[in-house]
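>>> The sequence and its predicted three-dimensional model are supplied below.
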Amino acid sequence: MIIAIMTSVFKNDGNQRKKQKLAKNFIIKHLEKNAWAGDTLAGITRYWLEQTRIEIAVEDVACALNEMIKEGRIKAHVSSGETYYLKNQVGEDTSESDSADFK
């Protein structure tokens, strides 16, 4: 099953790019410590990134997650109508991810 996640088109300035990188790095560290963790875009933004004490927009987190999917670091999985983002486990085939590029 392929799903398309729609986000608004927005200007990607230098500050947004820094926040996207910050979000990506924090998500990677969180998954290194909690290999089986998974959550929705809202949950990752609200709970995982809360510890950064820096306000990061949902759109910036979405861009970071999309980049991580493209790199094969995480996958998106649909369950009960919600999209969950999970770490790809070693040797896991990423071609069956339920995700599509953010648009």
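Right, received. Where do you want to start?
>>> Spatially central residue in this structure, please.
L65 (2.5 Å; C-alpha atoms, centre = their mean).
>>> Let me see the contact set for that one.
I27, L41, I44, I74, A76, Y85, F102 (C-beta atoms under 8 Å, 6 or more residues apart in numbering). Quick note: C-beta positions are derived from backbone N, CA and C, even for glycine.
>>> If we use 6 Å, what do you get?
Listed by C-beta atoms under 6 Å, 6 or more residues apart in numbering, the contact set of L65 reads Y85.
>>> Packing partners of the longest helix along the chain?
Longest among the helix segments of the chain by residue count, using DSSP state H, is helix 14-33. With contacts defined as 3 or more C-beta pairs under 6 Å, 6 or more residues apart in numbering; DSSP states H and E, the packing partners of helix 14-33 are helix 58-71.
>>> could you give the angle of the very next helix or strand once past the helix it packs on to helix 14-33?
Tracing the chain C-terminally past helix 58-71 and defining elements by DSSP states H and E, one meets strand 74-79 next. Going by axes from the mean of the first three to the mean of the last three C-alpha atoms, to 10 degrees, strand 74-79 is angled at 80 degrees with respect to helix 14-33.
>>> Partner strands of strand 74-79, with direction?
Counting by DSSP bridges, the strands paired with strand 74-79 are strand 82-87 (antiparallel).
>>> angle of the partner strand against helix 58-71?
Using the same axes, to 10 degrees: strand 82-87 against helix 58-71 is 50 degrees.
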